[in-house]
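Undergrad: build me a model from this:
(2 chains)
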Amino acid sequence: MIYEEHDIIVIGAGHAGCEAALAGARLGLSTLIFTMSVDNIAMMPCNPNIGGTSKGHLVREVDALGGEMGRNIDRTFIQSRMLNTSKGPAVQSLRAQADKKDYSASMRKVLEATANLTIRQDEVVEILVEKPVDNDVEKKRKITGVRTVSGNIYPSRTVILCTGVYLESRCIYGEVSIPSGPSGLPRSCGLSDSLRALGLPVRRFKTGTPARIAKSSINFDVMEEQKGDEHIVPFSFENIGRNMDKDQESCWLTYTNLETHRIIRENIDRSPLYNGRIEGVGPRYCPSIEDKVMRFAEKERHQVFIEPEGKYTEEMYISGMSSSLPEDVQYAMYRSVPGLENAVIVRNAYAIEYDCIDALCLKHTLESKDISGFYSAGQANGSSGYEEAAAQGLIAGINAALSVLGRDPLVLDRSDAYIGVLIDDLVTKSTPEPYRMMTSRAEYRLLLRQDNADLRLADFGHNVGLLSEERYNDVCYKRSLISSEIERVKTVGVSSSKEVSEFLAGFNSTPVSDGAILFDLIKRPELSYEILAPLDPERPEIREDIAAQINIEIKYEGYISRQKIQVAQFKKLEEKMIPPTLDYDLVPSLRIEARQKLKAIRPASIGQASRISGVSPADVNILLIYLGRGARSIRADLNNE
Amino acid sequence: MYTGDTIAAVATALSPAGINIIRISGENAFSVTATLFRSATGKAFSAIPSGTVSYGFIEYQGEVLDEVMMLKMAAPRTYTREDVTEIHTHGGILVTKRVLEAVYACGARPAESGEFTKRAFLNGRIDLSQAEAVMDIIGSGSDLARRNSMKQLRGDLRAIIESVREKIIFETAHIEAALDDPEHISLDGFIDHLLPVVNDILKELKKLLSSFDTGKIIKDGLNVVIAGRPNAGKSSLLNALLKEERAIVTSVAGTTRDTISESLDIGGLVLNLTDTAGIRQSGDIVESIGIDRALKAAAEAQLILYIIDSPLGITSEDRENLNNFWDKKVILIYNKDDLLDKKDLDDNPIPNIQKAVRISALTGEGIEELKNNIKELFLSGNLEAGHDIILTNVRHAEHIRDAVKSLELVLSGIETGVDEDLLSIDLMDAYKSLGCVTGEEYRDDLADKIFSSFCMGK
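TA: Coordinates of the predicted model:
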């Protein structure tokens, strides 16, 4: 049967799918989300936490744009920590342990309560398109809908692929190889073939997860306890200022040792990763314990974090020890770790292989370059991680909606957000392994802090229509207060009185001889805007998060302004657009590899072209010359022949 | 592959006596040459192997124009990576011009200044800094300048810049790796390791920068002003210098001053000589204007040759003039004979006088000593030995200066104890500035800037 047409169909209700569907529905478009199992919406099949280094940035950015992930983890966390507090503001990151059941149930509730959004448990096996109309210069096919396993057709103007690790997936440990999705859930069969038939580049990736061990079998006395922060910073900017206090669960730190490594080495040929039974490429930055032991041969120990899976279960997640070794080796390996001597495994560690697409076939909007209306997000694009998935899902959902509405798409660039870095990397660089967000990937990370995501992105979120007026007005108020307060402290003098000297001495700060400007004192490493409040009687009442911004802006003024110059240079190349119809065969002198890559990726700008591996600086210069002033003379040369 | 039309030009400076080389490059280089060249052995052009020299004649419209050697080089192993031929003519300027006209008539067009190099760049034969070095060679006036440009062409500058860039990226990569994998990569003690690395790099870059002044002099020549009171013998010194050398490189025309400028190569160093009106207090309006101009020229000079009319000795006017040149390098020249002792100067020392030389403009005596003194003053060190690369390009100097600034910010960051990830901001700035020297980094206007120099001379 053929159902009525939707504006947006989302395939998959994981972290990407939920954000995509919510964005579409909240923007007023009729949205249908398919899931293989309604009970497992927004399931966390691997680590029981949200955020962490650079991933925490993504969550805050999703929130700043009007996404759901930040709010959902704020509702369901069981421990919260700000990481790297001893380091600079650029690398501080928020991470929260989630109660997996609550997280999933809470997200499901949000989906169910959202207008325009329909949830459907079914398996999509085919993407339907129509041939390009004859007069279309770009020869693009167009999405018409999807077909389910039962043969029913759901017409739709746009389709967003959010299939996670479910496509033709296979779970593997030792000699065991089971055709299934994660945690024994059914896998999706047939959709991969449909993608291939459409000409989309399908790849096989793998990832893995560690064992879950019964809490009662663990001796925590020999481990280092890691408690949550006393002062909890919420993920969502709308929760700032609210009381987030709750009883927090602890995590525990222990280490592998030489005995663990010996066990792994002696059985390495029984690891499907090493004996060739797994063909998929695994994530270098989220390595299995056998990877770590083989790669860092000189290391005598690796960290192991024991993390609770939730309030309703005894299961503990053994972070840092994902593996695909056989069950007997897993037992030996885990039991060699201090505190796990009597470990009882509830679920084995396993590797999972799955199909995904090479995101080089996508535009920055996450729409296919060749099939209009087809979008893809999350692990289906070759990324790894809940947060990376949510970020892409949100952008794909927003852009699918904007295209239906006939509005300009939303593209964040590398200087706007980690999301921009993530998507640009995915659609520009062919990553040979699951792509994980990392701090070092963001060139302008001092500007892209987790603490200022709202200030950076509220305009985007508001323009799109996902950010409420209330939140947008708060950001505007915050911005104006920050700039007026910075200007004010530039005019505040501090005298050289005895009281001031004593106050400064209390912070090991040298006295001011002829008086000083407060602004300059704030810059001293040992002082801060907050510390100096007693010397600033005129200071207005200022919210904590706003005070923190003022402090960072003043303290890092020089670095921030230099990074802004870098961004300005970066933007110049980003703004040199390459016409999508450019015939690279007409550009003289490009090297063969560069020509092939450029033809395949069709970069939007000179900036993007310069980031394609295999395109050398000389090639970029040739492009610049061709597109710029030099193009005329080269063309003239050619015409003269 | 860039395949432009076929271009040709005389690759050597046209000289009446010596051999002149006509270079032809492009798709039709071979067919153009085949039309004109008759091998002495009767071998067909197509049968001549690439990379060989053939003896023969240039024949055009039934007339033998010249007896030549012809060099055939097939793409891509040529300077431009296109088919290239070279015709070595023997008949002097007029004949060379006729051969060139024949080449044009057969389908080549005149090459623009630097066009062979532009093609070499576009075809990936050389990088930007090497292309620039070629432009420097074309524009250089002296042997030393050419030699230095040759070194840049070989890639010596590139090698230095690349090695510094590698060091910077290595340290930055460590910082970033530690940010992402603090468990396995530690920053403990990193600053103690980074500090000497940055200091060493700074030393190296500053050395390169300090060569820039010398480099500029080598490349553009030394601006020398001959000054002195009227009739002290300025013009005769100029004539003596020029007469002695007989090596006028160029005649700078169109100066708006009432000054005469000549260029002169004194064994590797080009002197841009400016003769000025005599400087004295004057009531005459026209003369005053000349004096004003003389003072202006002196202000721009890197060296002043101040002439003392020996019979008169150092007058109070001379002293006043010399005091005006307090910030300049000055060589004092005693002209007009050997009557006066140097005693006068020794008795009345004048600051900033680098040297005093006695010459006779009439006999040419002392001119050689003067030239040696000038070279010694400006080309000190091991220039001739040629171990070091010398920076001659303003653009390179600007980028290296930027890199030095960024690295100094790294040092001050270390001093104030900022976090490592902030240091990486300035490290990356330095890395990028240096990349602009070699063309590894693109600023939007970089290629334009460099290629605008290809259009010089029009």
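Undergrad: what residue of chain B is the furthest out?
TA: B:Glu183 (52.3 Å; Cα atoms, centre = their mean).
Undergrad: spatially, which residue comes closest to that residue, not counting chain neighbours?
TA: Counting by Cβ to Cβ, 6 or more residues apart in numbering or on different chains, A:Gln303 is the residue found nearest to B:Glu183 once chain neighbours are left out, at 5.2 Å. (Each C-beta comes from the backbone N, C-alpha and C, glycine too.)
Undergrad: now do A:Met577
TA: A:Ser605 (5.3 Å).
Undergrad: spit out the contact partners of the one you found.
TA: By Cβ atoms under 8 Å, 6 or more residues apart in numbering or on different chains, the residues touching A:Ser605 are A:573-578.
Undergrad: what about the closest residue in space to A:Leu447 that isn't next to it in sequence, which SS state?
TA: Among residues not flanking A:Leu447 along the chain, A:Gln563 sits closest, at 5.4 Å (Cβ to Cβ, 6+ apart). Following DSSP: H, G, I helix; E, B strand; the rest coil, A:Gln563 is assigned to helix.
Undergrad: you'd agree B:Arg125 is up against B:Thr80?
TA: Yes - under the criterion of Cβ atoms under 8 Å, B:Arg125 makes contact with B:Thr80 at 6.8 Å.
Undergrad: more neighbours: these two, which one.
TA: More neighbours surround B:Thr80 than the other of B:Arg125 and B:Thr80, with 27 against 18 (other Cβ atoms under 10 Å in any protein chain shown).
Undergrad: which residues does that one contact?
TA: So B:Thr80 contacts B:25-26, B:116, B:119-120, B:123, B:125 (Cβ under 8 Å, 6+ apart).
Undergrad: repeat that for A:Asp583.
TA: No contacts exist for A:Asp583 under Cβ under 8 Å, 6+ apart.
Undergrad: low pLDDT regions in chain A?
TA: For chain A, the stretches with pLDDT under 70 are A:279-285, A:628-641.
Undergrad: which parts of the stretch 1-150 of chain A are strands?
TA: A:6-11, A:31-35, A:49-51, A:77-83, A:93-98, A:117-121, A:124-130, A:141-148 (DSSP state E, counting those that start in this stretch).
Undergrad: closest to B:Ser424 out of those strands?
TA: Proximity to B:Ser424 (Cβ to Cβ) singles out strand A:93-98 among the strands of the stretch 1-150 of chain A, at 17.0 Å.
Undergrad: compute the inter-axis angle for the closest one and strand A:77-83.
TA: 160 degrees (axes from the mean of the first three to the mean of the last three Cα atoms, to 10 degrees).
Undergrad: list the neighbouring strands of the lengthiest strand in chain B plus their orientation.
TA: Scanning chain B for the strand with the most residues, using DSSP state E, yields strand B:63-73. Strand pairing for strand B:63-73, using DSSP bridges, gives strand B:52-60 (antiparallel), strand B:84-89 (antiparallel).
Undergrad: and those, which is most packed in?
TA: strand B:84-89 (a mean of 23; mean count of other Cβ atoms under 10 Å in any protein chain shown).
Undergrad: from B:Ala44, how far off is the residue nearest to A:Gln97 when sequence neighbours are not counted?
TA: Spatial nearest neighbour of A:Gln97, excluding adjacent residues (Cβ to Cβ, 6+ apart): A:Gln79 at 4.0 Å. A:Gln79 sits 87 Å away from B:Ala44 when distances are taken as Cβ to Cβ, to the nearest Å.
Undergrad: ok, these two, which is more surrounded?
TA: More crowded of A:Gln79 and B:Ala44, by other Cβ under 10 Å: A:Gln79, with 24 against 8.
Undergrad: ok, how many other residues are close to B:Ile389?
TA: If we define neighbours as other Cβ under 10 Å, then B:Ile389 has 20 of them.
Undergrad: got the confidence number for it?
TA: With respect to pLDDT, B:Ile389 scores 70.
Undergrad: ok, it touching B:Ser211?
TA: Yes - between B:Ile389 and B:Ser211 there is a contact at 7.3 Å, judged by Cβ under 8 Å.
Undergrad: start and end of stretch A:18-35, how far apart?
TA: Taking Cα to Cα, to the nearest Å, the first and last residues of stretch A:18-35 lie 10 Å apart.
Undergrad: same deal with stretch A:95-104?
TA: Termini of stretch A:95-104 sit 18 Å apart (Cα to Cα).
Undergrad: and stretch A:483-498, by the same measure?
TA: Span of stretch A:483-498 from end to end, Cα to Cα: 31 Å.
Undergrad: show me which residues of the helix ranked longest in chain A are buried.
TA: In chain A, assigned by DSSP state H, the helix with the most residues is helix A:469-489. Across helix A:469-489, burial judged by 16 or more other Cβ atoms under 10 Å in any protein chain shown covers A:471-472, A:474-475, A:478-479, A:481-482, A:485-486, A:488-489.
Undergrad: please apply the same query to stretch B:417-435.
TA: Those would be B:418-435, for stretch B:417-435 by 16+ other Cβ under 10 Å.
Undergrad: next step: the residues you listed restricted to strands.
TA: Judged by DSSP E, strands contain none of these.
Undergrad: those: which ones sit near chain A?
TA: Residues of the buried residues of stretch B:417-435 in contact with chain A (Cβ under 8 Å from any Cβ of the partner chain): B:418-419, B:421-422, B:425-426, B:428-429, B:432.
Undergrad: can you lay out those as a markdown table showing distance to A:Ser497 and pLDDT?
TA: Formatted as a markdown table, those follow (distance: Cβ to Cβ, whole Å; pLDDT from 0 to 100):
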| residue | distance to A:Ser497 | pLDDT |
| --- | --- | --- |
| B:Val418 | 30 | 88 |
| B:Asp419 | 33 | 87 |
| B:Asp421 | 38 | 88 |
| B:Leu422 | 33 | 92 |
| B:Ile425 | 37 | 93 |
| B:Asp426 | 37 | 95 |
| B:Met428 | 43 | 93 |
| B:Asp429 | 41 | 93 |
| B:Lys432 | 47 | 91 |
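Undergrad: so the residue nearest to B:Glu183 bridges to which residues?
TA: If you apply DSSP bridges, the partners that A:Gln303 bridges to are A:Tyr255.
Undergrad: identify the residues contacting the closest residue to A:Gly174 other than its chain neighbours.
TA: In this structure, A:Gly174 finds its nearest non-sequential neighbour in A:Pro326, 2.6 Å apart by Cβ to Cβ, 6+ apart. A:Pro326 sits next to A:173-176, A:267, A:270 when contact means Cβ under 8 Å, 6+ apart.
Undergrad: for those, pick the one with the most neighbours.
TA: Of those, with other Cβ under 10 Å as the count, A:Tyr173 tops at 24 neighbours.
Undergrad: leaving aside the residues next to it on the chain, what's closest to A:Leu161?
TA: With Cβ to Cβ, 6+ apart as the measure, A:Ser376 is the residue that lies nearest to A:Leu161, at 4.1 Å, once sequence neighbours are left out.
Undergrad: I'd assumed A:Ala359 was in contact with the one you found.
TA: Yes - between A:Ser376 and A:Ala359 there is a contact at 7.1 Å, judged by Cβ under 8 Å.
Undergrad: looking at those two, which is more packed in?
TA: Comparing A:Ser376 with A:Ala359 by other Cβ under 10 Å, the one with more neighbours is A:Ser376, at 29 against 26.
Undergrad: tell me the contacts of that one?
TA: A:Ser376 makes contact with A:160-162, A:357, A:359, A:362, A:366, A:368, A:396, according to Cβ under 8 Å, 6+ apart.
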